[in-house]
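In: I need the structure of the sequence given here:
(one chain, ligands or ions: 1)
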Amino acid sequence: MQMDNGVTRQVEVERQRVDAMYERLDLAVTEALAAHSRVLAAPAESAAELYARDVEVARLTRTVGELRAAERSLCFGRIDSAAGGSLHIGRIGLRSEDGAVLLVDWRADAARPFYAATPAWPMGLRRRRHLRLNHRRVADVSDEILDGSGPTSHDIVGDGPLVAALGRARTGRMREAVATLQAEQDVIVRSPHRGVTVVEGGPGTGKTIVALHRAAYVLYAFPVLAERGVLVFGPNRRFLDYISEVLPSLGENDVQMATLADLAGVAPSAADSDPVARIKGQARLAAALARWVRDRQPRGVPLAVRVGQDTLVLEPETVIDAHRVATSGGLAHNPAREAFKEHLVEALVNLLERRTTDALNEMDAEVAAILGVDLDQAVAGDLRRLGLDEAVAPAGPEFDWDSVRDGLIEDPAVDFAIEAVWPRLRAADALEQFLTDREALTTYLPSASVDEVAHLVRDPGSGLTDADLALLDEARALIEGPPAEVYGHIVVDEAQELSEMQWRMLMRRCPGRSMTIVGDFAQAGSATTVRTWPEAVGPFVGERFDRHTLTINYRTTAEILDSTAPLLARIAPGQVPSRSIRHGERPRTIPVTDADIPAALLELVEQTNHAHTGELVGVIGPTDRVADLTRVLDGTGAVIVAAPDARGLEFDTVVVVDPGAIEARRQSGTRDLYVALTRATKRVAVLRLGGGTGDRGAGSRS
Ligand SMILES: Nc1ncnc2c1ncn2[C@@H]1O[C@H](COP(=O)(O)OP(=O)(O)OP(=O)(O)O)[C@@H](O)[C@H]1O
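Out: Numbering: from 1, shown residues only. Prediction:
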């Protein structure tokens, strides 16, 4: 071990430096906690003072959280320039007491060469060093020489930390990769582009890693977007649980994570078949709902309103005019109804004013006819004689028309009359009415075939489905207005799963159109018709989106990738397979009969557990087998997943059960199988019903 002495020396050098960083970190925590207590104890009485105090307390709480999250692997890298200077890279930035930079935040510009420099493009660096910490102590260092110079006794050239990170057993939760982000990933994470960025790439190319680190970068580098909030959107809870620890471990606790159900605030209670979900996902439903809502509003009708003892009638033109003004600013149905009401009340007041003036004039004329005197002139003459003509207001009874107006706005009779032509709507009821009315579906979806309408129409009270959530959201936008909660930046994972309607739902929450979108259409499920990025985001940003492709596979071994290549060629003929950076076991196909499955599976899982203690086994099968598989594997620690739910997940070993059934179950069955076979970091076994020889490629068909 020729380098041992060198390693020890270098580790010692780094230890002193890292000890100093932890000292500063501890001090920063102590100071933030003290400030927190001080602020809490300070007197605050007025609402403004209380508010300011709350803001400050929240800020300090966040600071303490960020500092504490930096505890683990506080410093993980160092770069040495060819000119002689060096910088340490870590989770946060720290300075020494005299103001010198001790540690650079990984997101700072100065840290960029740590991720981006390569031997071909060293960016002025001589060496990149990775530090591995065990609790607070530097345990190991490893160096890459970037400028072509030979290693000296100060350089520790060893196995890359990326290989070590990838070889580690899975825990069921994704880990952050801040110490090992690769150059092609870093370009996207650090991109100055604030609009829509689309990232595609095969399974395991780090799309999720990129998306989450991008969220952390946005929070750091784009404060204006950060202030409006960052949302990470994922397809389901299981997936969000899987990625839930990445951002907190990067010190970011303010990022919201949500599924469609979270955004809608409603949990679906029914399921659609895929063909129904596909129809419901199409944007033409938005147009249909908009027309349906519009038809609950008045056209050229007169409006009769009871005011006191009288019935006043507003002419159709007045109603049309009020409707036009109320809707011209793009207001939704219910708020526009209020504007409509105000306009109509104004028209009523005008009508009343006209009538009153007419009645008074009539009275004057009658008095003049009876007495032979013009009352107005007589009064004016008297006032002139008394010298009061300029001081006194013109004669005549005065009405307080403003209170009349207020009275009419509050008058239930007025609201009642308006309700008949422009009813207030509830989005959920409106959607229910629309989807349970065959005639309405036929009228408002003229392009839908009889079959499609038959697919769509459903019994009253049958509950909301996943695909209904975007329809409900659309109805809310049409009826109540845009959602209250919007975000400065949205990260969308597994974006290939979204329908046109679901894209509308997300875009509604990101008015600034600042998004990081990651996905792979070769893995798309059956519930959407969207197949390309222009179809997905084009309706909202046209061609104004950045597009990146990731090419290196960090998850699966080359052997697993090879075995799925024929499957990929079938489902995405144009797609270039990614390149794996690791080798491992060849995937195995084990022929079984239906009756054999429980015993064969249990044996396989137990063998794997025994041979690879501490590793995670995932068993992926057709949805209708999940309950049985769960029973069979009870107590083994294996995670059982229905193939359609496996997107984004990862295990050390994957057992795919009954691939034929996975393929046959739905339109996207072959893509589901491809997803299932690409979930393993180390090995895959396939239990195939019927024929098949011992070790054929995992994705091959018999
Ligand atoms: N730079 C990196 N350093 C360490 N691990 C990485 C890095 N990039 C990716 N990985 C790991 O590789 C695996 C696959 O990454 P990820 O899940 O982000 O891929 P993906 O493209 O989203 O896959 P899928 O399309 O299957 O959802 C994960 O375990 C991830 O932690």
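In: show me where the stretch 451-600 of the chain has strands.
Out: For the stretch 451-600 of the chain, the strands identified by DSSP state E, counting those that start in this stretch occupy 489-492, 515-519, 545-550, 552-553, 579-580, 588-592, in order along the chain.
In: and stretch 112-124, what's buried?
Out: For stretch 112-124, the buried set under the neighbour-count rule, 16 or more other CB atoms under 10 Å, comprises 112-117, 122-123. No exception for glycine: its C-beta is placed from N, CA and C like everyone else's.
In: thought A600 was touching I590?
Out: Yes: A600 is in contact with I590 according to CB atoms under 8 Å; the separation is 6.5 Å.
In: quickly list what's touching both of those two.
Out: Here A600 and I590 share the contacting residues L687, scored by CB atoms under 8 Å, 6 or more residues apart in numbering.
In: around the ligand, pick out the residues from this protein.
Out: With the criterion set to CB under 6 Å from any ligand atom, the chain comes near the ligand through 162, 165-166, 174-175, 177, 180-182, 185, 201, 203-209, 520, 523, 554-555, 648, 650, 678.
In: flag every buried residue along stretch 191-202.
Out: For stretch 191-202, the neighbour count (16+ other CB under 10 Å) marks 191, 194, 196-202 as buried.
In: from the chain's centre, how far out does it sit?
Out: Distance, stretch centre to chain centre, for stretch 191-202: 15 Å (CA atoms, centre = their mean, to the nearest Å).
In: mind checking which helix or strand the residue of the stretch 1-150 of the chain found nearest the ligand is in?
Out: Of the stretch 1-150 of the chain, the residue with the smallest distance to the ligand, taken as CB to the nearest ligand atom, is Y115 at 9.1 Å. Of the helices and strands defined by DSSP states H and E, Y115 is found in helix 112-116.
In: so for that helix, mean pLDDT?
Out: Taken as a whole, helix 112-116 has a mean pLDDT of 94.
In: put the alpha carbons of that helix into PDB.
Out: Output for helix 112-116, consisting of C-alpha atoms alone and laid out as PDB, is shown next (Å, rounded to 0.1, in the frame of the first residue of the first chain):
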ATOM      1  CA  ARG A 112     -19.200  25.000 -11.000                       C
ATOM      2  CA  PRO A 113     -15.800  23.700 -12.100                       C
ATOM      3  CA  PHE A 114     -16.100  21.000  -9.400                       C
ATOM      4  CA  TYR A 115     -19.000  19.500 -11.500                       C
ATOM      5  CA  ALA A 116     -18.100  20.600 -15.000                       C
END
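In: now do that helix: which elements does it pack against?
Out: Counting by 3 or more CB pairs under 8 Å, 6 or more residues apart in numbering; DSSP states H and E, the packing neighbours recorded for helix 112-116 are strand 75-81, strand 125-134, helix 183-189.
In: before we move on, back to that, can you put the buried residues of stretch 112-124 in TSV and add distance to A42?
Out: Converted to TSV, the buried residues of stretch 112-124 look like this (distance: CB to CB, whole Å):
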residue	distance to A42
R112	41
P113	44
F114	42
Y115	43
A116	46
A117	48
P122	52
M123	48
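In: wait, which of the residues you listed is closest to L472?
Out: Using CB to CB, the shortest approach to L472 within the buried residues of stretch 112-124 belongs to Y115, at 42.3 Å.
In: make JSON lines out of the helices and strands packed on helix 112-116 and add mean neighbour count.
Out: Putting those into JSON lines (neighbours: other CB atoms under 10 Å) gives the following:
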{"stretch": "strand 75-81", "mean neighbour count": "22"}
{"stretch": "strand 125-134", "mean neighbour count": "21"}
{"stretch": "helix 183-189", "mean neighbour count": "20"}
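In: let me know which of those is the nearest to D473.
Out: For those, the distance to D473 is smallest for helix 183-189, at 28.9 Å, taking CB to CB.
In: so how far is the closest one off the chain centroid?
Out: Centroid separation for helix 183-189 versus its chain: 21 Å, with CA atoms, centre = their mean.
In: try stretch 579-596
Out: Using CA atoms, centre = their mean, the distance from the centre of stretch 579-596 to the centre of the chain it belongs to is 35 Å.
In: same check on stretch 609-625?
Out: 30 Å.
In: what comes into contact with that stretch?
Out: Residues outside stretch 609-625 that contact it (CB under 8 Å, 6+ apart) are 169-172, 601, 605, 608, 629, 633, 636-644, 646, 649-658, 661-662, 665, 676, 679-680, 682.
In: among those, which lie within strands?
Out: When DSSP state E defines the strands, the subset of those inside them is 639-642, 651-657, 680, 682.
In: next helix or strand past the helix or strand bottoming out on mean pLDDT in the chain?
Out: Among the helices and strands of the chain, helix 375-385 carries the lowest confidence by mean pLDDT, DSSP states H and E, at a mean of 66. Scanning forward in sequence from helix 375-385, with DSSP H and E defining helices and strands, the next element found is helix 401-410.
In: and the angle for the helix or strand just after that next one with helix 401-410?
Out: Past helix 401-410, heading to the C-terminal end, the next element that is a helix or strand (DSSP H and E) is helix 412-421. An angle of 50 degrees separates the directions of helix 412-421 and helix 401-410 when computed by axes from the mean of the first three to the mean of the last three CA atoms, to 10 degrees.
In: pLDDT of the helix or strand following helix 412-421, averaged?
Out: Reading on from helix 412-421 to the C-terminus, the next helix or strand found by DSSP H and E is helix 427-435. For helix 427-435, mean pLDDT is 97.
In: buried residues, helix 427-435. List them.
Out: Residues of helix 427-435 classed as buried: 427, 430-432, 434-435 (neighbour count, 16+ other CB under 10 Å).
In: would you mind giving the residues you listed as JSON lines with distance to T357 added?
Out: As requested, the buried residues of helix 427-435 are exported to JSON lines (distance: CB to CB, whole Å):
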{"residue": "A427", "distance to T357": "44"}
{"residue": "A430", "distance to T357": "43"}
{"residue": "L431", "distance to T357": "48"}
{"residue": "E432", "distance to T357": "49"}
{"residue": "F434", "distance to T357": "47"}
{"residue": "L435", "distance to T357": "52"}
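In: out of everything not next to it in sequence, what's closest to whichever residue of the stretch 351-500 of the chain sits closest to the ligand?
Out: Taking CB to the nearest ligand atom, the ligand has its nearest neighbour within the stretch 351-500 of the chain at E494, 6.6 Å off. The spatial neighbour of E494 that comes closest, neighbours along the chain excluded (CB to CB, 6 or more residues apart in numbering), is P235 at 4.5 Å.
In: cool, and C510?
Out: Across the structure, with CB to CB, 6+ apart as the measure, the residue nearest C510 apart from its sequence neighbours is I490 (4.6 Å).
In: state the pLDDT value of that neighbour.
Out: Here the pLDDT value assigned to I490 is 97.
In: quick one, what contacts it?
Out: 230-233, 506, 509-510, 514-516.
In: so how far is I79 from the nearest residue to P113 once chain neighbours are set aside?
Out: Closest residue in space to P113, ignoring its immediate chain neighbours: M123 at 4.3 Å, by CB to CB, 6+ apart. According to CB to CB, to the nearest Å, M123 stands 9 Å off from I79.
In: between these two, what contacts are shared?
Out: Both M123 and I79 are contacted by 113, 117, under the criterion CB under 8 Å, 6+ apart.
In: helices of the stretch 201-350 of the chain, start to end?
Out: If DSSP state H, counting those that start in this stretch is used as the criterion, the helices of the stretch 201-350 of the chain fall at 207-221, 223-227, 237-243, 246-249, 260-264, 274-280, 284-294, 316-328, 333-371.
In: possible to save those helices as CSV with mean neighbour count and mean pLDDT?
Out: Formatted as CSV, the helices of the stretch 201-350 of the chain follow (neighbours: other CB atoms under 10 Å; pLDDT from 0 to 100):
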stretch, mean neighbour count, mean pLDDT
helix 207-221, 24, 94
helix 223-227, 13, 92
helix 237-243, 18, 91
helix 246-249, 20, 87
helix 260-264, 20, 96
helix 274-280, 20, 95
helix 284-294, 19, 97
helix 316-328, 17, 93
helix 333-371, 15, 87
